[in-house]
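> next comes the sequence, and after it the predicted model I'd like to discuss.
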Amino acid sequence: MANKGTTIKEALSKWETKQEDGCKACDAKEVKLYAQIPSIEKMDASLSTLACCEKLSLSTNQIEKIANLNGLKNLKILSLGRNNIKSLTGLEAVGDTLEELWISYNNIEKLKGINVLKKLKVLYMSNNSVKDWGEFGKLADLPSLVELLFVGNPLEEKHSGEGDWRDLASKKLSKLKKLDGVPVIREEED
């Protein structure tokens with residue numbers, strides 16, 4: 001029989017028992033629920049109790065979709081790396097606050113839904129499945145995006161192999177200051 005996954009409620013109560021200062025999850029600015037055993041499989045409604053949370057880590061679990069972020073009114077950093085996430089829908093609730101999305105090592109091919117993140121400055125989405133420039137172009141809808149980690153996506157691998165990745169990517173995202181960990185140097189316009 002397969003193990004039942006850890007619920008968010010169970011993970012939060014386990015997290016609270018580890019806090020030496022007696023901090024409750026509902027008052028915490030940073031909550032780390034990464035690498036739970038057994039893994040978290042669903043972002044369930046218990047997340048809505050995290051009203052003060054500014055940084056939430058749910059990385060290295062078995063989460064398949066982004067959900068139940070509506071109570072997280074102060075969320076600035078969301079870490080969802082190393083899960084089984086296939087799409088970026090479900091981010092609407094944090095569209096006005098989220099500044100960093102760490103979502104590397106998932107199965108994301110399409111970037112539909114990312115446009116709601118109006119304050120997003122940093123996007124770490126290496127080692128996903130983005131294949132075409134049409135999808136990549138959706139990142140241009142993010143007015144605040146200055147740092148992007150995109151290495152290990154089929155699109156980046158193809159164009160890095162052809163030697164034109166940095167040039168093409170930084171042209172498409174004119175506000176980018178850092179691409180794949182390296183500062184973007186632009187020619188001054190005359």
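Looks like it arrived, so ask away.

> can you list the weak-confidence ranges in the protein?
For the chain, applying pLDDT under 70 flags the ranges 1-3, 188-190.

> how about 50 then?
Low-confidence segments of the chain, defined by pLDDT under 50: 1-2, 190.

> for it, which segments count as strands?
Along the chain, the stretches classed as strands by DSSP state E are 30-32, 55-57, 77-79, 100-102, 122-124, 147-149, 178-179, 182-183.

> could you dump these to CSV with distance to residue 8 and mean neighbour count?
For the C-beta atoms, the positions are set from N, CA and C on the backbone; glycine is no exception. Shown next, in CSV, are those (distance: least, Cβ to Cβ, whole Å; neighbours: other Cβ atoms under 10 Å):
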stretch, distance to residue 8, mean neighbour count
strand 30-32, 10, 17
strand 55-57, 10, 20
strand 77-79, 14, 21
strand 100-102, 18, 21
strand 122-124, 22, 20
strand 147-149, 27, 21
strand 178-179, 32, 16
strand 182-183, 36, 9
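
> of the ones you listed, which is nearest residue 94?
Residue 94 lies closest, by Cβ to Cβ, to one member of the strands of the chain: strand 77-79, at 6.8 Å.

> parallel or antiparallel, list what pairs with the closest one.
strand 55-57 (parallel), strand 100-102 (parallel) (DSSP bridges).

> residues in contact with the nearest residue to residue 146 once chain neighbours are set aside?
Excluding the flanking residues, the one nearest residue 146 by Cβ to Cβ, 6 or more residues apart in numbering is residue 177, at 4.4 Å. By Cβ atoms under 8 Å, 6 or more residues apart in numbering, residue 177 lies in contact with 146, 147, 183, 184.

> before we move on, the earlier item: nearest to residue 159, out of the strands of the chain?
Short answer: strand 178-179, nearest of the strands of the chain by Cβ to Cβ, at 11.8 Å.

> which residues are in contact with that closest one?
For strand 178-179, using Cβ under 8 Å, 6+ apart, the contacting residues are 146, 147, 148, 150, 166, 169, 170, 173, 184.

> how about 6 Å then?
147, 148, 169, 170 (Cβ atoms under 6 Å, 6 or more residues apart in numbering).

> tabulate those in TSV, adding columns for distance to residue 34.
Output for the contacts of strand 178-179, formatted as TSV (distance: Cβ to Cβ, whole Å):
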residue	distance to residue 34
147	21
148	22
169	29
170	31
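
> out of those residues, which is nearest to residue 162?
residue 169 (12.3 Å).

> sorry, back to before: in TSV: the strands paired with strand 77-79, plus distance to residue 138.
Output for those, formatted as TSV (distance: least, Cβ to Cβ, whole Å):
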stretch	distance to residue 138
strand 55-57	24
strand 100-102	13
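
> so for residue 123, which of those sits nearest?
strand 100-102 (5.4 Å).
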